[in-house]
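Asker: Return a 3D structure for these sequence lines:
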Amino acid sequence: MKKTIINIVLILIALIIYYLQSNFFSWFNISGIMPNLFIIFVLFIGLFASKTMGTIYGIVIGLFLDLILGMRIGINAVTLGLIGFLAGVFDKNFSKDSRMTIMVMVFGSTLIVEILNYLLRYILLSINVEIGNFVIILAIEIIYNLLLTIILYPLIQKSGYYIENEYKGNKILTRYF
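Answerer: Got it, this is the predicted structure:
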């Protein structure tokens, strides 16, 4: 029952994030560049819930974004699904207790998503990409995502450990025995 409630809350959070990105951050952008909160959200799910759940949420959110934005279906699904999968890998190799570790993960995830998005758009849609503009957009989006991660970190950590406790349980002894 608790897992169902957690999934409903995560879906509501995804809808709130979509609202924030489409409305709120359109007013608070830097040179027309907005943060990508879905990267942080999918990373959070993959880190604290599981690799599978992060991948599924990444693919579903990516498909939703592709349908809403009217782009070729699959570009955002592939990139966000990959972030959900990588978050599960990060969970096993890095500590979630450190704010710096989470910031490095957000930095790397934003970098991976944006580079893959531009590469896939270039290959599939034959869109020309100017490297100079791409680097500027990437740098601003990374800074924006990192600032939001710093602000939201206490909330992410507290709710993340609650989700982790429900999905993974307390398996500290099973790792060693």
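Asker: Count the neighbours of Phe44 for me.
Answerer: 28 (other CB atoms under 10 Å). C-beta: built from backbone N, CA, C; applies to glycine.
Asker: Give me the residue at the spatial middle of the protein.
Answerer: By CA atoms, centre = their mean, the chain has its centre lying nearest to Ile39, at 2.0 Å.
Asker: SS state for the spatially closest residue to Ile142 that is not a sequence neighbour?
Answerer: Residue nearest to Ile142 in three dimensions, not counting chain neighbours: Thr110, with 4.9 Å by CB to CB, 6 or more residues apart in numbering. Using DSSP: H, G, I helix; E, B strand; the rest coil, the structure places Thr110 in helix.
Asker: Gly169 too?
Answerer: At Gly169 the chain is in coil, as set by three-state DSSP.
Asker: still on that earlier bit, helices and strands around the host helix or strand of the residue nearest to the centre of the chain, which ones?
Answerer: Take DSSP states H and E as the rule and Ile39 turns out to sit in helix 37-48. Helix 37-48 makes packing contacts with helix 2-19, helix 51-69, helix 75-93, helix 99-125, helix 131-167 when contacts are defined by 3 or more CB pairs under 8 Å, 6 or more residues apart in numbering; DSSP states H and E.
Asker: Give me the contacts around the third one.
Answerer: Yep, that's helix 75-93 we're talking about. 38-39, 42-48, 50-63, 65-66, 69, 105, 109, 112-113, 116-117, 120-121, 124 (CB atoms under 8 Å, 6 or more residues apart in numbering).
Asker: Separate out the buried members of the residues you listed.
Answerer: Those of the contacts of helix 75-93 that meet the buried threshold are 38-39, 42-48, 50-51, 53-63, 65-66, 105, 109, 113, 116-117, 120-121, by 16 or more other CB atoms under 10 Å.
Asker: Can you report how many residues lie near Val9?
Answerer: 12.
Asker: ok, now Gln157?
Answerer: So Gln157, with other CB under 10 Å, has 16 neighbours.
Asker: For the chain, name the helix or strand with the lowest mean pLDDT.
Answerer: Ranked by mean pLDDT, DSSP states H and E, the weakest helix or strand in the chain is helix 172-176, scoring a mean of 52.
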